[in-house]
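1. everything below, folded, please.
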Amino acid sequence: MLDNALREAIGGYRCVELNNTCAYVQDVDAAVTGRVPTRANTGQNLAAVQEKIASTFEQDLRDTLGGPYFENVRFRLVQVTFDPEVQKSVTAATAARAQVATKRLEAQQRVETAIGDRRVAEQKARAIRATRNAYRGNPAQARIDAIKELPQGLRALGGDLSTIVESGGSGNGG
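-> As a prediction, the model looks like this:
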């Protein structure tokens, strides 16, 4: 009796109308690309199926038992499950979709990182050009900054650093 009620009620719906994951099995290409349509209102459809099953089952009980021995029969359909082999396909399709989404996000992250690296490089290049132009206008400052960048305690061959710093000057070492 219950099998008959189930067959009648569920037979009027396509799989995807009762369980959205059916779409992953029906169109694998769409599942992998993430373009699976999920338009069906499965909750509303399951409620309609429950009512139809309860009604059909209650009528079958009356007919079989010869009278209304049960009233207000209710049937609760928690979810539509798949055969284990079909469920494996659904799981594989869902995993493939997740992998595609992950790869897309990783690629997008690499692009964003490359854009950021390019912007940093452009800023550094602008700073180098600005410094070069400033040193062209003030060669003495360029020399001072170069000396400031030398390691502490550096000694020149044949004398201390003051001989290098003051070359071209008076050469009095101080």
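2. max-length helix in this structure?
-> As assigned by DSSP state H, the longest helix anywhere in the chain is helix 84-137.
3. tell me which helix or strand comes right after that helix.
-> helix 139-148 (DSSP states H and E).
4. report the angle between the axes of the longest helix of the chain and helix 139-148?
-> Relative orientation of helix 84-137 versus helix 139-148 (axes from the mean of the first three to the mean of the last three C-alpha atoms, to 10 degrees): 120 degrees.
5. what mean pLDDT does helix 84-137 have?
-> Averaging pLDDT along helix 84-137 gives 90.
6. does it pack against any helices or strands, and if so which?
-> Contacts defined by 3 or more C-beta pairs under 8 Å, 6 or more residues apart in numbering; DSSP states H and E place helix 84-137 against helix 22-26, helix 28-33, helix 139-148. Every C-beta, even on glycine, is put in place using the N, C-alpha and C of the backbone.
7. weakest of those in terms of mean pLDDT?
-> helix 28-33 (a mean of 64).
8. after that one comes which helix or strand?
-> Assigned by DSSP H and E, the successor of helix 28-33 is helix 42-65.
9. which ones are touching the residue lying closest to residue 2 once chain neighbours are set aside?
-> Spatial nearest neighbour of residue 2, chain neighbours left out: residue 57 (5.9 Å); criterion: C-beta to C-beta, 6 or more residues apart in numbering. Contacts for residue 57 (C-beta atoms under 8 Å, 6 or more residues apart in numbering) come out as 1, 2, 5, 73, 75.
10. show me what contacts the third one?
-> This points to residue 5. Contacts were defined as C-beta under 8 Å, 6+ apart; by that measure residue 5 touches 52, 53, 54, 56, 57, 60, 75.
11. can I get these in JSON lines with pLDDT and distance to residue 127?
-> Shown next, in JSON lines, are these (pLDDT from 0 to 100; distance: C-beta to C-beta, whole Å):
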{"residue": "52", "pLDDT": "87", "distance to residue 127": "74"}
{"residue": "53", "pLDDT": "85", "distance to residue 127": "74"}
{"residue": "54", "pLDDT": "86", "distance to residue 127": "76"}
{"residue": "56", "pLDDT": "85", "distance to residue 127": "80"}
{"residue": "57", "pLDDT": "84", "distance to residue 127": "80"}
{"residue": "60", "pLDDT": "85", "distance to residue 127": "85"}
{"residue": "75", "pLDDT": "81", "distance to residue 127": "74"}
